[in-house]
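Trainee: predicted model and sequence below, questions to follow.
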Amino acid sequence: MAKKGPAQEIDHLRRQLVEWNHQYYVLDDPSVPDSDYDAAMNRLLELEAAHPELVTPDSPSQRVGGAPLPEFRQVNHELPMLSLGNAFSAQDMVDFNRRLLDRLGEGEQELEYACEPKLDGIAVSLLYRDGALERGATRGDGTTGEDITHNVKTIRSVPLRLRGRGYPSLLEVRGEVYMPRSGFEALNDRARERGEKLFVNPRNAAAGSLRQLDPKVTAARPLELCSYSVGLVEGGELPGRHSDILERLSGWGLRINADSRVEKGVDACARYYDELAARRDALPYDIDGIVYKVNEIALQERLGFVSRAPRWAIARKFPAQEESTRLLDVEFQVGRTGAITPVARLEPVFVGGVTVSNATLHNADEIARLGLKIGDSVIVRRAGDVIPQVVSVITERRPRGARPVTFPERCPVCDSPVEREPDAAVFRCTGGLVCAAQQKAAIKHFASRRAMDIDGLGDKLVEQLVDGGLVANVAGLYHLTLEQLVALERMGEKSAQNLLEALEKSKQTTLPRFIFALGIREVGEATALNLARHFGDWPQLVDAGEEALLEVDDVGPVVADHLRQFFDAEANLDVVQQLLDAGVTWPSMARPAAAEQPLAGQTWVVTGKLEALSRDEAKAHLQSLGAKVAGSVSAKTTRVVAGPGAGSKLAKAGELGVDVIDEAALLRLLADNAIEL
């Protein structure tokens with residue numbers, strides 16, 4: 001076959017990279033490993049550098065960001081980007097629906113609504129001419145925005161050229177640029193490590209990222225785009241229903257929200273609201289409500305606009321997740337590793353559906369970054385099940401006499417000296433096992449459901465056992481007697497007997513649970529599982545050097561160092577030996593050959609919230625049986641495990657006819673294959 005010339009090879013690489021990019025960022029269904037993508041991109045960059053005359057604006061290489069801009073120029077929207085009216089209750093939605101029916105003169109006929117999650121991001125306009133991205137702009141004031149073309153080009157879910165055919169010669173796509181929660185947390189973690197200012201929330205981070213004069217900064221930020229409508233359209237026709245227009249956009253390579261739905265009537269809209277509100281915390285991005293749009297474009301045109309908003313659409317908001325309140329005091333808690341954690345005591349405030357009176361302050365560096373003083377008015381954020389946190393200080397409301405926050409020099413529990421780790425923000429109590437707080441926290445962790453699962457050993461009982469001198473470490477639990485327990489306050493003989501039986505039952509455990517239960521710093525459930533599978537048994541793990549530890553998935557230099565510190569401490573190994581002497585045991589974890597693995601060659605997906613297992617545990621168990629566990633559903637998926645709250649992945653499985661099972665069926669499968677849980 002004749003060798004390709006530079007132009008042909010560049011064209012081939014561009015087509016391949018565009019397809020891979022679409023699969024990864026829009027369909028959530030990658031078909032090649034990152035190394036293949038990187039190799040193709042590097043080859044394209046090499047060829048374009050050698051042949052600059054062949055570089056085109058829609059080349060995948062142009063996503064990396066060009067030279068910094070001196071300023072943003074203004075853009076006038078050909079069609080205004082209007083705001084939406086708001087509904088804050090079910091009755092508001094009923095009233096909105098009634099107003100539409102009255103205006104349309106449709107009697108009691110039910111309207112069909114396109115229902116979409118209201119992403120908490122930044123509204124943008126993308127203008128495509130003959131399928132090529134010509135301009136990107138912010139909403140601005142709805143009439144005039146800022147030209148952010150160079151920045152939106154760096155967003156992987158924004159196609160530089162539309163796919164397929166049949167698109168209008170001029171098409172304005174409107175959507176929301178947002179930052180997924182995982183990307184936001186990673187961005188703030190990096191900023192915290194560098195001592196830089198943290199972003200308050202994902203919306204704030206997305207806005208700051210889009211308004212960078214240097215596109216290379218934007219390119220390094222984890223932004224996504226979700227399309228929700230069209231604006232100016234010339235030289236072509238679109239379908240007559242809003243939901244069908246979105247499907248058409250999807251076919252042209254634009255991401256749309258998989259949780260969107262068409263519902264008929266206000267009651268169905270209310271059910272959709274309740275369903276999405278229940279799943280809100282499990283979504284990978286922030287939403288602040290639901291947008292309802294009359295689905296028929298002809299009806300939209302009849303209803304028209306009022307002031308700066310369409311009559312045919314409304315946003316029903318969720319309860320606020322940020323509110324202001326006052327910092328009453330800062331207290332310091334001691335964790336099982338001795339870390340001293342500051343906790344904000346707040347004037348109670350209702351935020352995100354609950355009343356919040358405590359919030360995390362992370363560490364000393366975070367307090368310094370906030371410039372926080374006791375007595376300040378602060379903004380508190382609560383997102384899902386995450387512990388509420390103080391995200392900013394309203395300095396203009398600072399009262400006279402506001403006091404600085406001072407970390408204790410001695411442990412508030414055992415009075416041992418407190419030391420700050422070199423090059424770290426963490427203060428730690430040096431008391432070790434002398435510190436009752438660390439003893440209690442270690443025992444609570446050891447007994448927890450994901451660890452040794454000692455039923456009946458609650459926090460209050462642990463407090464009594466340690467304060468009464470009956471237990472000094474986790475091994476002491478297995479030497480408790482019936483006489484000792486019944487002598488405790490509010491402990492009857494039946495309860496004491498049940499606890500002793502639970503302790504006896506807990507002796508039959510698994511190696512991953514045992515490793516996790518020991519509370520080694522940075523060793524969570526997934527890492528414990530990987531360690532157990534890699535080394536097979538405790539002696540091999542204890543004897544492993546740092547190089548051997550680094551061969552384990554999910555173990556880096558920091559975790560390897562924590563493991564070696566734990567194993568090198570005689571006191572720790574003595575406690576482990578006491579546990580073994582007390583009868584704690586587990587089965588061997590020898591791995592079967594690949595050919596013997598029952599799920600070899602299969603691809604599984606785990607979605608939703610599981611009860612008996614964490615998703616990491618479920619993934620590791622499936623991998624141990626030979627399955628590949630993917631992050632998205634595709635035609636190649638063998639089976640989906642769906643727990644409560646499963647959303648777009650479950651819907652995709654239904655569309656593709658992929659087999660779906662619940663957690664109970666997964667547990668039966670694991671049990672049938674002798675997987676110890």
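Mentor: That came through, no problem.
Trainee: what's the burial count for Gly166?
Mentor: As a burial measure, Gly166 scores 10 neighbours (other Cβ atoms under 10 Å). Bear in mind the C-beta positions are built from the backbone N, C-alpha and C, glycine included.
Trainee: so it sits against Glu237, correct?
Mentor: No. In this structure, Gly166 is not within contact of Glu237 by Cβ atoms under 8 Å, at 9.6 Å.
Trainee: now do the SS call for Pro319.
Mentor: Of the three states, Pro319 takes coil according to DSSP: H, G, I helix; E, B strand; the rest coil.
Trainee: neighbours of it, how many?
Mentor: Neighbours of Pro319 (other Cβ under 10 Å): 16.
Trainee: relative to Ala359, how far out is it?
Mentor: 17 Å (Cβ to Cβ, to the nearest Å).
Trainee: now swap in His150 and tell me
Mentor: 38 Å.
Trainee: Val418 is in contact with Glu409, correct?
Mentor: Yes. Glu409 is within contact range of Val418, at 5.8 Å (criterion: Cβ under 8 Å).
Trainee: tell me where the model's unsure across the stretch 351-500 of the chain.
Mentor: Residue ranges of the stretch 351-500 of the chain with pLDDT under 70: 352-353, 383-386, 423, 432-434.
Trainee: all strands for the stretch 1-150 of the chain, in order.
Mentor: Remark: strands assigned in the stretch 1-150 of the chain by DSSP state E, counting those that start in this stretch are 74-76, 85-87, 112-119, 122-129, 132-138, 144-146.
Trainee: what's the most buried one of these?
Mentor: strand 112-119 (a mean of 24; mean count of other Cβ atoms under 10 Å).
Trainee: elements contacting it?
Mentor: helix 242-251, strand 261-264, helix 266-279, strand 287-294 (3 or more Cβ pairs under 8 Å, 6 or more residues apart in numbering; DSSP states H and E).
Trainee: related to what we said a few turns ago, who touches both of Glu409 and Val418?
Mentor: Shared contacts of Glu409 and Val418 (Cβ atoms under 8 Å, 6 or more residues apart in numbering): none.
Trainee: in the sheet, who's paired with Cys115?
Mentor: Per DSSP bridges, the residues bridged to Cys115 are Arg261, Tyr292.
Trainee: any idea how far the nearest residue to Leu579 once chain neighbours are set aside is from Val576?
Mentor: With sequence-adjacent residues excluded and distances taken as Cβ to Cβ, 6 or more residues apart in numbering, Leu579 is closest to Ala475, at 5.1 Å. Separation of Ala475 from Val576 (Cβ to Cβ): 8 Å.
Trainee: ok, now Asp537?
Mentor: 13 Å.
Trainee: with Lys153 instead?
Mentor: Lys153 is 56 Å from Val576, where distance means Cβ to Cβ.
Trainee: now do Met179
Mentor: Counting by Cβ to Cβ, the gap from Met179 to Val576 is 43 Å.
Trainee: which one's more surrounded, these two?
Mentor: Taking neighbours as other Cβ under 10 Å, Met179 and Val576 compare with Met179 leading, 29 against 18.
Trainee: how about that one, what does it touch?
Mentor: Counted by Cβ under 8 Å, 6+ apart, Met179 has contacts 121, 187, 202-203, 205-206, 209, 221-224, 285.
Trainee: which of those are buried?
Mentor: 121, 187, 202-203, 205-206, 209, 221-224, 285 (16 or more other Cβ atoms under 10 Å).
Trainee: any chance of the residues you listed in JSON lines with distance to Thr509 and pLDDT as columns?
Mentor: Compiled in JSON lines, those are given as follows (distance: Cβ to Cβ, whole Å; pLDDT from 0 to 100):
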{"residue": "Gly121", "distance to Thr509": "45", "pLDDT": "87"}
{"residue": "Leu187", "distance to Thr509": "38", "pLDDT": "88"}
{"residue": "Pro202", "distance to Thr509": "39", "pLDDT": "85"}
{"residue": "Arg203", "distance to Thr509": "44", "pLDDT": "83"}
{"residue": "Ala205", "distance to Thr509": "42", "pLDDT": "84"}
{"residue": "Ala206", "distance to Thr509": "45", "pLDDT": "86"}
{"residue": "Ser209", "distance to Thr509": "46", "pLDDT": "86"}
{"residue": "Arg221", "distance to Thr509": "43", "pLDDT": "89"}
{"residue": "Pro222", "distance to Thr509": "39", "pLDDT": "89"}
{"residue": "Leu223", "distance to Thr509": "44", "pLDDT": "92"}
{"residue": "Glu224", "distance to Thr509": "42", "pLDDT": "93"}
{"residue": "Tyr285", "distance to Thr509": "38", "pLDDT": "89"}
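Trainee: now, those residues that are in strands?
Mentor: Glu224 (DSSP state E).
Trainee: determine which stretch of the helices and strands packed on strand 112-119 is the most buried.
Mentor: By mean count of other Cβ under 10 Å, these have strand 287-294 as the most buried, with a mean of 23.
Trainee: which residues sit against that strand?
Mentor: Against strand 287-294 from outside (Cβ under 8 Å, 6+ apart): 84, 86, 93, 96, 100, 111-120, 228, 242, 269, 272-273, 276, 280, 300, 303, 312-318, 321.
Trainee: centre of the chain to the helix or strand just after that strand, how far?
Mentor: Toward the C-terminus, strand 287-294 is succeeded by helix 297-303 as the next helix or strand (DSSP states H and E). Distance of helix 297-303 from the chain centroid (Cα atoms, centre = their mean, to the nearest Å) equals 38 Å.
Trainee: rounded mean pLDDT for helix 297-303, please.
Mentor: For helix 297-303, mean pLDDT is 90.
Trainee: cool, and stretch 254-268?
Mentor: For stretch 254-268, mean pLDDT is 93.
Trainee: could the strands of the stretch 1-150 of the chain go into JSON lines alongside distance to Gly371?
Mentor: Below are the strands of the stretch 1-150 of the chain laid out as JSON lines (distance: least, Cβ to Cβ, whole Å):
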{"stretch": "strand 74-76", "distance to Gly371": "35"}
{"stretch": "strand 85-87", "distance to Gly371": "33"}
{"stretch": "strand 112-119", "distance to Gly371": "31"}
{"stretch": "strand 122-129", "distance to Gly371": "27"}
{"stretch": "strand 132-138", "distance to Gly371": "30"}
{"stretch": "strand 144-146", "distance to Gly371": "30"}
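Trainee: mean pLDDT lowest where, among these?
Mentor: Among the strands of the stretch 1-150 of the chain, strand 85-87 has the lowest mean pLDDT, at a mean of 83.
Trainee: ends of stretch 134-151, what's the gap?
Mentor: 12 Å (Cα to Cα, to the nearest Å).
Trainee: other residues contacting it?
Mentor: 65-66, 69, 72-77, 80-83, 122-128, 133, 152-153, 158, 209-212, 215, 218, 308.
Trainee: again, only this time at 6 Å
Mentor: For stretch 134-151, the external contacting residues (Cβ atoms under 6 Å, 6 or more residues apart in numbering) are 66, 72-76, 80-81, 123-127, 152, 210, 215, 218.
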